[in-house]
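In: Predicted model follows, preceded by the sequence.
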Amino acid sequence: MQQSRTLVARLARPSCAALVFAASFGLLVLVQCRSGAHHSEFGAHPDEAAHVVTGLMVHDYLVGRDWSAPKRFAENYYLHYPKVGLGHWPPVFYVVQAGWAAAFGATACSLLLLMACTGAALATVLFRVICAHLNATRAAAMTAVFVLLPAVGTLGSMVMTEMLVALLSFAAALAFARYMGTESSNRWWWSLAFGVLASLAILTKGTGLLLALVPPLGLLLAGRPALFRRASLWLSAVVVATLCAPFYLYTLKMQQNGMQHESFELSFVPAAAQFYGAGLVSVSTGIVFLLALIGLVDRVVLPARRNARPEPVFAALAALLLGTWTFHVLVPCGLELRHLLPALPPVVVFAAAGLDRVLSRIGCRSGTASPAAEVVLGILVGLFVVVGETPYRKDWRGYGEVTRVLGGEGGGTNSVTLVSSDPQGEGMMVSEMALADAHRPSRYVLRASKVLASDRWSGRDYRTRFESSEAIRDYVRGCSVGALVIDTSVPPENTPEHHRQLVRMVAAFPGDWRLESSHNIVRNGVTYPGAILLYRPVNFTPAPPGDLGIDMQAMLGRKIGTTRQGE
């Protein structure tokens, strides 16, 4: 028994954080490899390619050392690789990407390792929180459970903002817990820390605004409403307003452009409440959610009923959990389970507390590290390992091969390629071309969805730009397109009209285009043989300069365009 207690004491030491981080990082990389992420292109979500290209743009701007005209650089980059999302999304995630790429390389593998590193950092903080309040052995087991949750593995295998938002939101909630539990003389520091961390989360993605609900909910749950009258509480609000307001005011039109609804609609609330309520159970899995309910009752509800104040950390994490659900029920930013990732660390903390309560009922009190507790924890982690035998599969491929073909003749500096597919397909093409470009930005990729049609970021207000095949033919010639890539794997029910128009244009002028090659495409593990068609112009030679202007009225209120540099 003494040896077991010594082991627990060692696990509780701060030096153990490095070991937990390394183990979590290795486990997440293993999950990535088993999912196929390192062999997949960036098409698992329509936003993934945009995050990759935007991070590349910030990296190329910073390492280029010519910082005189950032807006012009961004617009020119978008003309080359039209998947830049800066403005629609805040800059923090892309600054992190840029710093990482500068140190470890701007490659697909490097970016995935960044996601594993972010997830490992979140797991390490989670371990420290559970370890500080419960048994360290159980903390290690529950940290492993968190890393093995399907939602964590899925988002850890994609280049998305949610993992960083979850890390910063968790850290912000913990800072606010320290604010509630600290003497008055030191509260200013923790209010400042909460404000800075909340600002970083909000400047990573707009969903970080859910942290605005943590102070009011946390103070009410902790039984500390008197702190609303303290000036130190409002310091964090001043910090957030000062750091975040300039960006969001400057990009207000872009933010509105990306909303699913132009204004608040009451009909959205019931559907969102049901979706995210069921989704919370789904992403945390049944057994973890059940344990979390037990822990929430034990650590927050029962103390309140006994007129005792819950521990600040549990009150703050309950506020983060409830605030995440409430925010996404009220704010119409779409119905996607990935938005619930900031709620998972609190869920696992409460699950650990629930497990502690259950084990204490059978005589395995926290800190004893009894053999019975070890057996139960081993079974629990083992169940998740078994679940991990059928992990998330990320298998989106095909445009990398097209990019390699285009890297030869006609694929060099200032070449123009027009690609027509759905958002995932076009994003895969753009990101593959950008990653393969050794002299970014040099190649031009035109997305048919942007040059042959127009809509809002969310897909609303769609309309085509051209009425006839002749008009599309003239436009393509005017742009000096040297390669035409058409993806025929897009399901008929999802095929937009501009895509059909382009197909009809090729058929209407068969003498203008030669089918050079066809390539397989894999969509979510399903192979479509020869579905990507690569055409070359026949009776005209691309002769720059061409008009590469893109109508950005919906996002910027104007058209952007330029004559290709160096010509």
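Out: Here it is on my side, so go on.
In: So for the biggest helix by length in the chain, what gets flagged as buried?
Out: Assignment by DSSP state H gives helix 108-133 as the longest helix of the chain. Going by neighbour count (16 or more other C-beta atoms under 10 Å), the buried part of helix 108-133 is 108, 111-131, 133. No exception for glycine: its C-beta is placed from N, CA and C like everyone else's.
In: what does stretch 32-42 give?
Out: Buried residues in stretch 32-42, defined by neighbour count with 16+ other C-beta under 10 Å: 32, 34-37, 40-42.
In: ok, so of these, who is nearest residue 486?
Out: Nearest to residue 486 among the buried residues of stretch 32-42, counting by C-beta to C-beta, is residue 41 at 17.5 Å.
In: Poorly predicted segments of the chain, please.
Out: Flagging of the chain using pLDDT under 70 yields the residue ranges 1-15, 256-264, 363-391, 408-413, 457-459, 540-567.
In: Pop the domain breakdown of it in here.
Out: 2-35+87-387, 399-560 (automatic domain parsing).
In: chain center to the longest one, what's the gap?
Out: When C-alpha coordinates are averaged (C-alpha atoms, centre = their mean, to the nearest Å), domain 2-35+87-387 and its chain have centres 15 Å apart.
In: So that it lines up with my notes, have the first residue be 639 from now on.
Out: Got it, the first residue is 639 from now on, which makes the last one we talked about domain 640-673+725-1025.
In: In terms of helix, strand or coil, where does residue 1124 fall?
Out: strand (DSSP: H, G, I helix; E, B strand; the rest coil).
In: Tell me if I'm right that it and residue 1159 touch.
Out: No - judged on C-beta atoms under 8 Å, residue 1124 makes no contact with residue 1159 at a distance of 11.3 Å.
In: circling back: for the domains of the chain, please prepare TSV with the additional fields distance to residue 698.
Out: Compiled in TSV, the domains of the chain are given as follows (distance: least, C-beta to C-beta, whole Å):
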stretch	distance to residue 698
domain 640-673+725-1025	8
domain 1037-1198	5
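In: among the ones you listed, which is the most enclosed?
Out: Among these, ranked by average contacts under mean count of other C-beta atoms under 10 Å, first place goes to domain 640-673+725-1025 (a mean of 19).
In: can you give me the strands in the protein?
Out: 1054-1058, 1082-1085, 1091-1092, 1101-1102, 1121-1125, 1151-1161, 1164-1175, 1188-1190, 1196-1198 (DSSP state E).
In: quick one, which of these is nearest to residue 978?
Out: strand 1151-1161 (25.2 Å).
In: so what secondary structure elements neighbour that closest one?
Out: Judged by 3 or more C-beta pairs under 8 Å, 6 or more residues apart in numbering; DSSP states H and E, strand 1151-1161 is in contact with helix 1037-1044, strand 1164-1175.
In: of these, which approaches residue 984 most closely?
Out: Residue 984 lies closest to strand 1164-1175 among the helices and strands packed on strand 1151-1161, at 36.3 Å (C-beta to C-beta).
In: Give me the residues contacting the closest one.
Out: For strand 1164-1175, the external contacting residues (C-beta atoms under 8 Å, 6 or more residues apart in numbering) are 1036-1037, 1040, 1043-1044, 1048, 1119-1127, 1144, 1150-1160.
In: ok, 7 Å please
Out: By C-beta atoms under 7 Å, 6 or more residues apart in numbering, the list of residues contacting strand 1164-1175 from outside reads 1036, 1040, 1043, 1120-1127, 1144, 1150-1159.
In: Now do that strand: distance to the chain's middle.
Out: Counting by C-alpha atoms, centre = their mean, strand 1164-1175 comes out at 29 Å from the chain centroid.
In: Identify whichever of the strands of the chain lies nearest to residue 946.
Out: Judging these by C-beta to C-beta, what sits closest to residue 946 is strand 1151-1161, at 54.9 Å.
In: to the chain's geometric centre, what's the distance from the closest one?
Out: Distance of strand 1151-1161 from the chain centroid (C-alpha atoms, centre = their mean) equals 30 Å.
In: Return that strand as CSV; C-alpha atoms alone will do.
Out: Provided in CSV are the C-alpha atoms of strand 1151-1161 (Å, rounded to 0.1, in the frame of the first residue of the first chain):
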residue,chain,number,x,y,z
TRP,A,1151,-10.4,21.2,-75.0
ARG,A,1152,-8.4,17.9,-74.9
LEU,A,1153,-8.9,15.4,-72.1
GLU,A,1154,-5.3,14.9,-71.0
SER,A,1155,-5.9,12.5,-68.1
SER,A,1156,-8.4,11.3,-65.5
HIS,A,1157,-7.7,10.5,-61.9
ASN,A,1158,-9.4,8.6,-59.1
ILE,A,1159,-10.8,10.5,-56.2
VAL,A,1160,-11.5,9.2,-52.7
ARG,A,1161,-14.3,10.9,-50.7
